[in-house]
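A.B. asks: Next comes the sequence, and after it the predicted model I'd like to discuss.
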Amino acid sequence: MNPLIEPGTYPLGAFNVTFEPGCRNNWHIHHAKTGGGQLLICTAGEGWYQEDGKPIRSLTAGDTVAIPANVKHWHGAKKDSWFSHISIEVPGEETSNEWCEPVADEEYNKL
């Protein structure tokens, strides 16, 4: 995860994030009282995105994902591909990130 904007110098965060094949983050939530959320801009490889209780979404370069605040989700690489995206933290009021449980191997391996 490489910052594209020096943290603390602008009211939003932007990061170039690269996942090796099979790597994914835990379920997580970008909390905010107002505003907030996350925007993913896929730049290379193939990956996955899923919101809690919704079908999985396949991602490739050029795809975008607008993730509202307070939505539990995960994203990462497919088993056989590197995956990169730009992650933008949307400014909001009273924002915080909550890291939750890992994506279960048995569920991920079914993809």
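C.D. replies: Here it is on my side, so go on.
A.B. asks: what kind of secondary structure is the residue nearest the centre of the chain in?
C.D. replies: Closest to where the C-alpha atoms of the chain average out (C-alpha atoms, centre = their mean) is H75, at 4.8 Å. What DSSP: H, G, I helix; E, B strand; the rest coil gives for H75 is strand.
A.B. asks: what sits against it?
C.D. replies: 24-25, 40, 47-50, 59, 65, 85 (C-beta atoms under 8 Å, 6 or more residues apart in numbering). Glycine gets a C-beta too; all of them are placed from N, C-alpha and C.
A.B. asks: pLDDT value on it, please?
C.D. replies: H75 carries a pLDDT value of 98.
A.B. asks: For ChimeraX, write the select line for the buried members of the contacts of H75.
C.D. replies: The following ChimeraX line selects those of these that are buried, judged by 16 or more other C-beta atoms under 10 Å:
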select :24,40,47,48,49,50,59,65,85
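A.B. asks: Could you point out the longest strand of the chain?
C.D. replies: Scanning the chain for the longest strand, with DSSP state E as the assignment, gives strand 38-51.
A.B. asks: Since that was my last question, I'll sign off now.
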